[in-house]
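Student: could you work out the structure for the sequence below:
(chains A and B)
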Amino acid sequence: MNSETLNTLDTYSKNKYKYGFVTDIDNEKPKKGLNEDTIKFISLKKNEPDWMLEWRLKAFSKWKRMKEPKWANLNFPEIDYQDIYYYSAPKGFEKKPKDLSEVDPKLIETYNKLGIPLEEQKVLAGVAVDVVFDSVSVATTYKGELEKLGIIFCSIGEAIQKHPDLIKKYLGSVIPAGDHSFSALNSAVFTDGSFVYIPEGVKCPMELSTYFRINAENTGQFERTLIIADKGSYVSYLEGCTAPKRDDNQLHAANVELIALEDAEIKYSTVQNWYPGDEDGKGGIYNFVTKRGLCAGKNSKISWTQVETGSAITWKYPSCILKGDNSIGEFYSVAITNNFQQADTGTKMTHIGKNTKSKIISKGISLGKSQNTYRGEVSFLRKADKARNYTQCDSLLVGNKCGAHTVPYIDSKNNTAVIEHEASTSKINEDQLYYCRQRGLSHEEAVSLIVNGFCKQVLQELPMEFAVEAQKLVSISLEGSVG
Amino acid sequence: MNIQDNYQKNKKNIFFSDNKDIQIHREKLINIFETDRFDRKNNESLKNINLKKFIEFKYKYLVPEETSVINNNQDNSYSIVSVNGQCSSFKDDKIEITKILYEDYNDFSKNNTIEKNDHFVNLNSLFLNSGFKIVIKKNNNIKIKISNIVTDDNLTIFQKNNYICEEGSSLSLIEEYENKNNSTSNILNVINLENNSKLNHFLIQDNSSNHNLIITSHSSCKKDSTYTQKVYNFSEGYVRNFHYSELIEINSEADLQGIFFLKDNNTSNNKTFVKHLAEDCKSNQVYKGILNDRAKATYFSNTYVDQVAQKTEGYQLSKGILLSDNASYFSKPELKIYADDVKCSHGSTIGPIDENAIYYLRSRGMSKIAATKILISSFINEELSSINDDLMSETIQKKLVRYLSKVK
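Tutor: Next up is the predicted model:
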């Protein structure tokens, strides 16, 4: 590495988190800690029916007997579950505002700082935004238009009230409460999240989107998202995250369940840019997310795309269970880690049905003193005749203090299934850099160009709304610090 | 019988049981067995095996009556017959063979390459009852062939061998394991390669279905040395091949290769692990497997690149062919990289025989079975054609033909 690289590296590694600010809103919280009372409090606050409370308590009793999964390549102090607030709602939000003018102006200001002017977005992008501020869904737009098509897009709390049949049938059907300790925790204390139901044969005309935002200190967010695509339907869902700067570690354990019935297709895209901690590794979000999709019907398709740049700890494996014959699962991921960030992320493709196909493209970039791990499992069960998988995971290393790891698990129990896996690890090619610089690009620009090229395969999978933001994020996280 | 009782009862037959340091270490090992919960899901050494059979075993060992033979032929080659893990001492100006001494008892407790919870390595240290040490003296170029023979039924052999290749030496080592009795051999090879030395290690495994072979090796390579290992597993019984290599000084190389042929209910567990601890080192890990009937196999490969090991080249390849509906193959090619100027990659494929290739051959008048056999042979041709010893090449061809005759 030359001195210029080192300089730029230095400048950029000191780049402060742009979205670090705190909105002062009085919070109404229960006491700290996790016990049955907390769960009853949450359930009461959310005005839930008894069966839901029972479901939560059952999950809680499972959680009490479980231990955190320890196999990931992550180092973090033990989480004290009793030192966390499990419910935090901005005051006066128990009755929902009818439109944006009723929303606390401070909240609106927060979104403006983040660059998501709600009012404008309503008119411009054709995106219906279901904004989650801390734990209560604040405003849901474009509902009317979606309702005309029979599409249900609301908070999960509302869905529990209005569509109990669907919730009872599908909630926990893909991620059982007792799957592992984080899913049990989420099932016990989830407060909000989105619910989407696309009826038979409907192609959702717009990208559905949610902005999650963690605000109140010491409040773990436990969203629960459930998306059901009925026969022959299509939906594209966007999830994006930014969080204000904090010194205390914040816990986030979300569960996302997708169900695609016959001929249905779900596209789920995420850009995650939560507070990663400062350059000394202090603070940052602990992100333990369980995302799982079930291709239940024939010819169904689920596609995950993620750009992970934030969080001190990322523990995330969006996976697909390919149950229906001819179903397709896809996973595209870019994970960038800097400073002391640790990411252990990947996917799980379980082939059950005949002729199922899956494709995994994962790009990991590690800088600073970070650790970036791809962990993925592809398994073909006995009946998965003619199933097919292709996996490619590439890592880019910048500096000799970081680590890039690849841990694939490949299990084949069917002799007509074909699996291919390849991975490579390297640093930025000096020749490419030289070539770009020769043509007048600055060192930074050259690096940015090369890295964007490295990630292109994944970024091009993102919907337009996200592509711009993602590219910006990649540039912010990478520019100049690669060499 | 539990491990503790088993050990106490047979203590007098076990090597070094009067040495204090070793006793302390063994007590720790016993403790591990008594407290471990045998987590099959996360412990690679436990996948797909009948653990009870190996842990609650009946200890039996016979000191060989005949002293093993060492033949010193003309062309710098030696034939060794190791009986029940032992062989007689020998010394000339090129090599020296002795029994293992307690200085050679390498407990690996300070070495974190071999996992601490590898129960088979621990069993080996605990019940050690045989083994030898071979030193290849400076600047010699020799060939050694070792036939490993187990004389009786129900023997449990725990063997630890030390190979030391002194500076500038070159050794071609062929080991054969062909046993027909229902014994269990648990062998740990510790290999040290000094500067500029070279070791070509061939392991030919062809045991009958009731013979279990657990073989672990740990090689460490100093400056400019090269370790090449080729495993040919034709066994009908259980075989575990776990091979670890450490590249501790500059410009050293490790090449761990293996092919296995499984059928019936057979299981094979394989693992290779290369640790790059110095600059400019190269490694290669290639395993290919053919699985028929209800056979099961696992292959774990791992490349670890330390922060200081710049300019590393580390490659992995794993290929599996499943010939039957009931066969299963699990592979986990892992990369752990802490240095930035490296070229590392892995590739892994599992699948059936290419149907287009079969179609091509059939359209030229070949029967389906003949076509399948030709394609299997070509799948491993690279490994077979790289053998430069005619006699060995012939033996392996014969074994391959025998395996192929059962393919339907």
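Student: neighbours around residue B:21, how many?
Tutor: By the criterion of other C-beta atoms under 10 Å in any protein chain shown, residue B:21 has 11 neighbours. Where C-beta positions appear, they are placed from N, C-alpha and C, glycine not excepted.
Student: look up how far residue B:3 lies from it.
Tutor: Using C-beta to C-beta, to the nearest Å, residue B:21 is found at 20 Å from residue B:3.
Student: so which bits of chain A are right by chain B?
Tutor: Proximity of chain A to chain B (C-beta under 8 Å from any C-beta of the partner chain) is limited to residues A:71, A:382, A:395, A:397-427.
Student: any stretches of the stretch 101-250 of chain A with poor pLDDT?
Tutor: A:101-144, A:210-220, A:240-249 (pLDDT under 70).
Student: in it, which residue sits closest to chain B?
Tutor: residue A:180 (12.1 Å; C-beta to the nearest C-beta).
Student: what is the end-to-end distance of stretch B:188-204?
Tutor: 16 Å (C-alpha to C-alpha, to the nearest Å).
Student: should've said stretch A:347-364
Tutor: End-to-end distance for stretch A:347-364, by C-alpha to C-alpha: 13 Å.
Student: pLDDT on that stretch, on average?
Tutor: Averaged over stretch A:347-364, pLDDT sits at 93.
Student: who's the residue nearest to residue B:395 when sequence neighbours are not counted bridged to?
Tutor: Among residues not flanking residue B:395 along the chain, residue B:204 sits closest, at 6.9 Å (C-beta to C-beta, 6 or more residues apart in numbering or on different chains). For residue B:204, the beta-bridge partners are residue B:176, residue B:232 (DSSP bridges).
Student: and the pLDDT at residue B:204?
Tutor: Residue B:204 carries a pLDDT score of 92 in this model.
Student: just give the number of residues close to the residue of the stretch 101-250 of chain A closest to chain B.
Tutor: Residues near residue A:180, counting by other C-beta under 10 Å, number 17.
Student: thinking it is in contact with residue A:289, fair?
Tutor: No: between residue A:180 and residue A:289 there is no contact under C-beta atoms under 8 Å: 11.9 Å.
Student: buried sites along stretch B:29-49?
Tutor: Under the neighbour-count criterion of 16 or more other C-beta atoms under 10 Å in any protein chain shown, stretch B:29-49 has B:29-30, B:33, B:43-47, B:49 buried.
Student: and those residues near chain A, which?
Tutor: For chain A, no contacts are drawn from these by C-beta under 8 Å from any C-beta.
Student: closest to residue A:341 among these?
Tutor: Ranked by distance to residue A:341 (C-beta to C-beta), the buried residues of stretch B:29-49 are led by residue B:44 at 27.7 Å.
Student: ok, the closest one touching residue B:301?
Tutor: No: counting by C-beta under 8 Å, residue B:44 stays clear of residue B:301, with 10.8 Å between them.
Student: any common contacting residues for the two?
Tutor: B:271, B:332 (C-beta atoms under 8 Å, 6 or more residues apart in numbering or on different chains).
Student: do you know how far residue B:230 is from chain A?
Tutor: Look at residue B:230 and chain A: by C-beta to the nearest C-beta, to the nearest Å, they are 23 Å apart.
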